[in-house]
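Novice: the following block contains a protein sequence and its predicted model.
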Amino acid sequence: RKEVEQDPGPFNVPEGATVAFNCTYSNSASQSFFWYRQDCRKEPKLLMSVYSSGNEDGRFTAQLNRASQYISLLIRDSKLSDSATYLCVVRFQGGSEKLVFGKGTKLTVNP
Amino acid sequence: GAGVSQSPSNKVTEKGKDVELRCDPISGHTALYWYRQSLGQGLEFLIYFQGNSAPDKSGLPSDRFSAERTGGSVSTLTIQRTQQEDSAVYLCASSRSTDTQYFGPGTRLTVL
């Protein structure tokens, strides 16, 4: 089983739609969780961290369920500029603090 | 301030040649990471530096890969006797200790 698994996608949605991405992780020792965004042929950029209590940043809401080892990202009122690949990322405590990435889910928002 | 920079942005080489990829982290960031992203694959961890030492090299795929960091700043990733399967985008990231990792624009390596 891969350490971080995401919806394979791709997702094609109209502007204004609400879209949800899911992710599961296999290592219960995982300590920090993130969603990164990667535009075509660009580097990944941090979109938001994910906290146990859930957190919201404008149109974006992230949720974490440690018991189920499940992470989600909800995008409301999607914009054309939200088109990108969304990467679910986990960091394990201790050692190198390296990031473990899911393969990503590609989102295309259509006019 | 300036972000993470990497050079070259693109590198085309012939199979069997050696290549060096450079990363300049954000000033003051003690932690530096190298990742690789192959076509259709997720990012995979290669090596982690804390200062000039590399406590985690577990992601280096073979002994043809090596990296060093000097002065707690610039890092170089060297691939010897390149193979076609080494073709990928090599990404460097830096952070203050366990803080958020910021990525550079990457070096796109093509091995012919």
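Specialist: In hand now; what should we look at?
Novice: contact residues of chain A facing chain B?
Specialist: A:4, A:42-46, A:49, A:87, A:95-104 (C-beta under 8 Å from any C-beta of the partner chain). Any C-beta I mention is one placed from the backbone N, CA and C, and that applies to glycine too.
Novice: which members of the residues you listed are classed as buried?
Specialist: The neighbour-count criterion (16 or more other C-beta atoms under 10 Å in any protein chain shown) marks A:4, A:43-44, A:49, A:87, A:96-104 among the residues of chain A next to chain B as buried.
Novice: just the ones of those in strands?
Specialist: Taking DSSP state E as the definition of strands, these contribute A:Val4, A:Pro44, A:Ser49, A:Leu87, A:Leu99, A:Val100, A:Phe101.
Novice: stretch B:47-58: which residues count as buried?
Specialist: For stretch B:47-58, by 16+ other C-beta under 10 Å, it's B:Ile47, B:Tyr48, B:Phe49, B:Gln50, B:Ala54, B:Asp56.
Novice: quick check: the two most widely separated of those?
Specialist: Largest separation among the buried residues of stretch B:47-58 by C-beta to C-beta: B:Ile47 and B:Gln50, giving 11.1 Å.
Novice: show me what from chain B comes close to chain A.
Specialist: B:31, B:33, B:35, B:41-45, B:48, B:55-56, B:58-59, B:91, B:93, B:95, B:98, B:100-106.
Novice: so which of those sit within strands?
Specialist: Short answer: the residues of chain B next to chain A in strands (DSSP E) are B:31, B:33, B:35, B:43-45, B:48, B:55-56, B:91, B:93, B:95, B:102-103.
Novice: walk me through which strands the least confident helix or strand in chain B by mean pLDDT pairs with, and which way each runs.
Specialist: Using mean pLDDT, DSSP states H and E, the weakest-scoring helix or strand in chain B turns out to be strand B:53-56, at a mean of 91. Applying DSSP bridges to the sheet, strand B:53-56 is found paired with strand B:43-50 (antiparallel).
Novice: and the partner strand, how far out from the chain middle?
Specialist: With C-alpha atoms, centre = their mean, to the nearest Å as the basis, strand B:43-50 stands 8 Å off its chain's centre.
Novice: what about that strand, average pLDDT?
Specialist: Averaging pLDDT along strand B:43-50 yields 94.
Novice: what's the answer for stretch B:17-32, then?
Specialist: 96.
Novice: how long is it end to end?
Specialist: 26 Å (C-alpha to C-alpha, to the nearest Å).
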